[in-house]
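Asker: Provide a 3D model corresponding to the input given below.
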Amino acid sequence: MSHIWTVAPVALVTLAALAPPHRPRPVASVGFWLGYLVNEFPFFAFCWLVASTLLALGNERIGSPAGLAVLALAVLTACGLALIMWRGLLAGPVVARALSRELGLDGLNGSSVGRAGYRRVPARAVLWPLPLRARDVQRVANVSYGPAGRRNRLDLYRHRSRSAGAPVLIHFHGGHFRMGGKSREARTLFYRLARKGWVCISADYRVRRAGRFPASQVDAKRAIAWVRQHAGEYGADPSLLVVAGGSAGAHLASMAALTANDPVFQPGFEDADTSVSAAVCLYGFYGSRDLAGPLPSSPHAHVRRDAPPFFVAHGDNDTFIPATSAESFVDALCGVSMNPVVYARLPGAQHSFDLLDSVRFQYVIDGIEAFTAWVRGRRDPPSDAQHTAASPRNRAIPAEAPRTGGLRTELAS
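Answerer: Just a heads-up that it's a prediction; the model follows:
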């Protein structure tokens, strides 16, 4: 019966990953932390469970009712872990279909990937998905971009060749506007893009009391203005500038993309160019931050006809921000914007799925690469006539692609 002490904890975290509680909030937080690692890293738990079960079969008497019950629990848990692994793989075709439907792309990462969206992911993403530094990428840490001390600092990632003319990605971290830091999320994205010739910037911003709206939004705008002014010193060309973020950072990124050059959010640097080429929003918060204030603090209030292209990804198992929140924002944006809005609803994904270099996040990065390559290759914005005739938003949606309230939603079939 000693085997129960191995099976029971794995069964608990597997259940938390498969069916996390969403309410009340304290229970949801516990469920998130219980299931997060196994949701992004199920292979290790699967191997551990199988090895311990085989060892128990060789050393213990399994024929008793209690032993058979433990064995049955081990088998059910192994099936649950296999399902978690499968859901991670589904991110590939889900993101590929979203890109195909909205942009007409036939793959995730160039012509080498078919529409099915599968490709070989690095073995490390399966066996040990901890983000590792790329030797050919230089990180320039703690560069000041504003007057708010350590909360106005950024890290810059660039290829060691330091070639000129690199496009720029600016990322804002999550943390409920109360915590977080620039060295935590999306590091795999930074290293991947920097190796492909991008300059990636991860910026801190004011949080808690000091970051009350619109202070942290001003910081995001200030970071964009800093890049416009200083990008050339680091070999970057800000004519292609993408903003990105996760959770609270997605709120900042989407607001920045939708309020380009708005002097209300640029006190003291009203004349700075804060326009962006595109936005990438992962597991984002899109609600209001200040219901009583004079300024609209939700991205919904700022959707506009000339909004830049958006790439939005959200997990359908997110315990902190439900996928319906992202879908509501995407629906509002699709109803107004002349530019594409790519939305991928990721099967089984939790909040903060970009903390690890997992199989799921590898596929999401493939999608971001394909999306930004499309943005980079654009020539002229579409005219009204071109938009009406050619936009996937106005094409018939295949029956196998479900929709939610008029939204182009990517679900695993």
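
Asker: the strands in the stretch 51-200 of the chain, which residues?
Answerer: Secondary structure of the stretch 51-200 of the chain by DSSP state E, counting those that start in this stretch: the strands cover 137-144, 153-159, 166-172, 199-203.

Asker: Low-confidence regions, the chain specifically.
Answerer: Residue ranges of the chain with pLDDT under 70: 1-2, 59-63, 107-120, 122-125, 379-413.

Asker: Dihedrals phi and psi, the residue nearest to the spatial centre of it?
Answerer: By C-alpha atoms, centre = their mean, the chain has its centre lying nearest to Leu282, at 3.0 Å. Phi and psi for Leu282, reported as degrees, to the nearest 10, are phi -120, psi 130.

Asker: who's it bridged to?
Answerer: Using DSSP bridges, the bridge partners assigned to Leu282 are Gly246, Ala313.

Asker: What backbone torsions are found at Ala292?
Answerer: Torsion angles, degrees, to the nearest 10, at Ala292: phi -100, psi -10.

Asker: Next, count neighbours for it.
Answerer: Using other C-beta atoms under 10 Å, Ala292 has 6 other residues around it. All C-beta spots, glycine's among them, are computed from the backbone N, C-alpha and C.

Asker: next one: Trp5
Answerer: Trp5 - counted by other C-beta under 10 Å - has 10 other residues nearby.

Asker: Checking my notes, it in a strand, right?
Answerer: No: counting by DSSP: H, G, I helix; E, B strand; the rest coil, Trp5 is not found in a strand; it is helix.

Asker: In terms of helices and strands, where is the closest residue in space to Thr372 that isn't next to it in sequence?
Answerer: Once flanking residues are discounted, Thr372 sits nearest to Val242: 5.9 Å by C-beta to C-beta, 6 or more residues apart in numbering. Per DSSP states H and E, Val242 falls inside strand 236-246.

Asker: what comes up buried for that strand?
Answerer: Ala236, Pro238, Leu240, Leu241, Val242, Val243, Ala244, Gly245, Gly246 (16 or more other C-beta atoms under 10 Å).

Asker: show me what contacts the third one?
Answerer: With contacts defined as C-beta atoms under 8 Å, 6 or more residues apart in numbering, the neighbours of Leu240 are Pro167, Val168, Ser277, Val375, Arg376.

Asker: Kindly provide the distance from it to Arg304.
Answerer: In this view, Leu240 and Arg304 are 20 Å apart by C-beta to C-beta, to the nearest Å.

Asker: repeat for the fourth one
Answerer: Leu241 sits 18 Å away from Arg304, going by C-beta to C-beta.

Asker: Could you do the second one as well?
Answerer: Computed as C-beta to C-beta, the Pro238 to Arg304 distance reads 21 Å.

Asker: One more: the last one?
Answerer: Per C-beta to C-beta, Gly246 is found 23 Å from Arg304.

Asker: same check, this time on Leu15
Answerer: From Leu15 to Arg304 the distance is 44 Å (C-beta to C-beta).

Asker: Of the two, which one has the most company?
Answerer: For Leu15 and Arg304, the more surrounded residue by other C-beta under 10 Å is Leu15, and the numbers stand at 17 against 14.

Asker: my guess is the more buried one contacts Gly80, does it?
Answerer: Yes: the pair Leu15 and Gly80 qualifies as a contact (C-beta atoms under 8 Å) at a distance of 7.2 Å.

Asker: how about the helices of this structure, start to end?
Answerer: For the chain, the helices defined by DSSP state H cover 4-18, 25-40, 42-59, 65-103, 123-127, 187-195, 215-230, 248-258, 323-334, 359-376, 384-390.

Asker: Out of the ones you listed, flag the one nearest Gly175.
Answerer: Minimum separation from Gly175 across those (C-beta to C-beta) falls at helix 248-258, 5.8 Å.

Asker: other SSEs contacting the closest one?
Answerer: On a contact count with 3 or more C-beta pairs under 8 Å, 6 or more residues apart in numbering; DSSP states H and E, helix 248-258 meets strand 166-172, helix 215-230, strand 236-246, strand 278-282.

Asker: will you turn these into CSV that also has distance to Ser297?
Answerer: Formatted as CSV, these follow (distance: least, C-beta to C-beta, whole Å):
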stretch, distance to Ser297
strand 166-172, 16
helix 215-230, 8
strand 236-246, 16
strand 278-282, 16
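
Asker: Out of these, flag the one nearest Gly92.
Answerer: Counting by C-beta to C-beta, Gly92 lies closest to strand 278-282 out of these; the figure is 16.2 Å.

Asker: now the closest one, how far from the chain's geometric center?
Answerer: Relative to the centre of its chain, strand 278-282 is centred 8 Å away, using C-alpha atoms, centre = their mean, to the nearest Å.

Asker: Give me the residues contacting that strand.
Answerer: Residues outside strand 278-282 that contact it (C-beta under 8 Å, 6+ apart): 169, 186, 242-247, 250, 253-254, 256-257, 308-314, 326, 353-354, 364, 368, 371-372, 375.

Asker: can you rerun that using 7 Å?
Answerer: The contact list for strand 278-282 (C-beta atoms under 7 Å, 6 or more residues apart in numbering) reads 242-246, 250, 253-254, 257, 308-313, 354, 368, 372, 375.

Asker: The residue nearest to Ser216 when sequence neighbours are not counted: what's it in contact with?
Answerer: With sequence-adjacent residues excluded and distances taken as C-beta to C-beta, 6+ apart, Ser216 is closest to Tyr205, at 4.7 Å. By C-beta under 7 Å, 6+ apart, the contact list for Tyr205 reads Arg151, Phe172, Gly211, Ser216, Asp219, Ala220, Leu252.

Asker: The same query, at a cut-off of 8 Å, please.
Answerer: Arg151, Asn152, Phe172, Gly211, Ser216, Asp219, Ala220, Ala223, Leu252 are the contacts of Tyr205 under C-beta under 8 Å, 6+ apart.
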